[in-house]
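[1] coordinates only, sequence not included:
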């Protein structure tokens, strides 16, 4: 089955800095790569996703890059704010059909004012 | 629009007692449905998923079971809870036909087994 590795497990940055979280996966057939943000005690919420037909996607301060050859993808958050503090999960799966998503173990991002 | 309801929000149960958590989805048909568990400070562990009524796939054999009696209803059960069953249980749905929005999670049930 699919194996997803996520690094780092904890990331501390100062407000205004950039944050990068990286994930690697094992199944070359995977073509859907979402990122979820989970605030303390809340449900995970989709913040951005990318499919294998593009190499980069951006939405305001967040962006995701994908390297299918190397089987890794990254979440980039620029100009971090204290409200970005949360646990971020990457996930890997198939964009359609009846597959399941495999999640990384999560990265706790702490943004200090 | 699609919504997902999950209840109860919190639950404290003694060891050995039964469990029933319910999840319903509105505004969609034939969704994929999932049960995940999240232990404190840990990742998301897939427990069960279903692609149709009466169809259940189990990822982690244990004392939990799942059922899908209706198209948009997913139930997680146990006959006898263990201490290790404590955690945050999340239901999720996914539209395999439109496949544009990833998984949408319910608000979760925080289960404490005492």
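    Arrived safely, thanks for sending. Not measured: the values here are computed from a predicted model.

[2] C-alpha only now, for contacts and for neighbours.
    Fine.

[3] Assign a three-state SS to whichever residue of chain B sits closest to chain A, would you?
    Of all residues in chain B, the one sitting closest to chain A is residue B:43 (4.5 Å; C-alpha to the nearest C-alpha). Put simply, residue B:43 is coil when judged by DSSP: H, G, I helix; E, B strand; the rest coil.

[4] if I look at it, how far off is residue A:4?
    When distance is defined by C-alpha to C-alpha, to the nearest Å, residue B:43 is 11 Å away from residue A:4.

[5] Now for these two: what residues contact both?
    Applying C-alpha atoms under 8 Å, 6 or more residues apart in numbering or on different chains, one finds that residue B:43 and residue A:4 are jointly contacted by A:103, A:104.

[6] quick one on the thing from earlier: give me the nearest residue to the residue of chain B closest to chain A, chain neighbours excluded.
    The shortest distance from residue B:43 to any non-neighbouring residue, by C-alpha to C-alpha, 6 or more residues apart in numbering or on different chains, is to residue A:105 (4.5 Å).

[7] Surely the one you found is in a strand?
    No. Read with three-state DSSP, residue A:105 is coil and lies in no strand.

[8] Can you tell me how far it is from residue B:94?
    Taking C-alpha to C-alpha, one finds residue A:105 at 21 Å from residue B:94.

[9] Looks to me like residue A:57 is in a helix.
    No. Going by three-state DSSP, the assignment for residue A:57 is strand, not a helix.

[10] okay, now it: neighbour count?
    For residue A:57, the count of nearby residues is 15 (other C-alpha atoms under 10 Å in any protein chain shown).
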